[in-house]
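In: Structure for the following, please:
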Amino acid sequence: MTSDDLPAPESGLVLTHFLTVSDVARSRAFYADVFGGRVVLAENPCIVKIANSWIIMNPGGGPTPDKPDTVLRPPESTEVVSAFLNVRVADIAAFYAEARGKGAEFLTEPLDRKAEIRCYLRDPDGYLIEIGQATGMLEGIFADPPAGT
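Out: Presented below is the predicted three-dimensional model:
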């Protein structure tokens with residue numbers, strides 16, 4: 001392992017995403033396989049390097065001295081989402097076909113939203129992941145605002 005394998009910048013910062021998961025091995029395999037990630041650490045915490053970022057995973061747990069009133073646990077419902085992983089790809093059709101071939105289950109096929117083509121899938125714990133390819137936004141064409149705004 002080299003220093004480039006870990007999310008430890010020599011200056012400035014890097015942005016990682018932490019997921020509380022119910023089964024580290026299952027989630028590790030999902031992110032390594034579907035996204036072509038490289039497992040940097042298998043456990044405690046699990047770190048998978050994907051492209052220019054890292055997904056960090058650990059099982060849930062109770063409060064710790066640095067987060068005294070906080071409990072971590074995987075999502076209890078997939079119906080209400082307050083945050084999700086956003087992945088940008090160069091070729092959404094190719095990613096979609098390859099990911100489906102690896103067993104990823106998408107909510108819909110990629111849909112053209114004017115500014116981009118996008119679709120969503122869920123990881124083994126139900127976390128929502130948006131997959132998108134910029135299209136119209138590259139030419140100043142943006143999506144319609146959400147209904148009711």
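In: Kindly state the beta-bridge partners for residue 88.
Out: For residue 88, the beta-bridge partners are residue 132 (DSSP bridges).
In: any idea how far residue 68 is from it?
Out: The gap separating residue 88 from residue 68 is 36 Å, by C-beta to C-beta, to the nearest Å. All C-beta spots, glycine's among them, are computed from the backbone N, C-alpha and C.
In: Which one of those two is surrounded by more residues?
Out: residue 88 (13 against 8; other C-beta atoms under 10 Å).
In: so that one sits right up against residue 132, yeah?
Out: Yes - applying C-beta atoms under 8 Å as the test, residue 88 and residue 132 come out as touching, 5.6 Å apart.
In: Identify the residues contacting residue 98.
Out: If a contact means C-beta atoms under 8 Å, 6 or more residues apart in numbering, then residue 98 has no contacts.
In: what about 10 Å?
Out: 34, 36, 91, 104 (C-beta atoms under 10 Å, 6 or more residues apart in numbering).
In: Going by neighbour count, which of those residues are buried?
Out: The neighbour count (16 or more other C-beta atoms under 10 Å) marks 34, 104 as buried among the contacts of residue 98.
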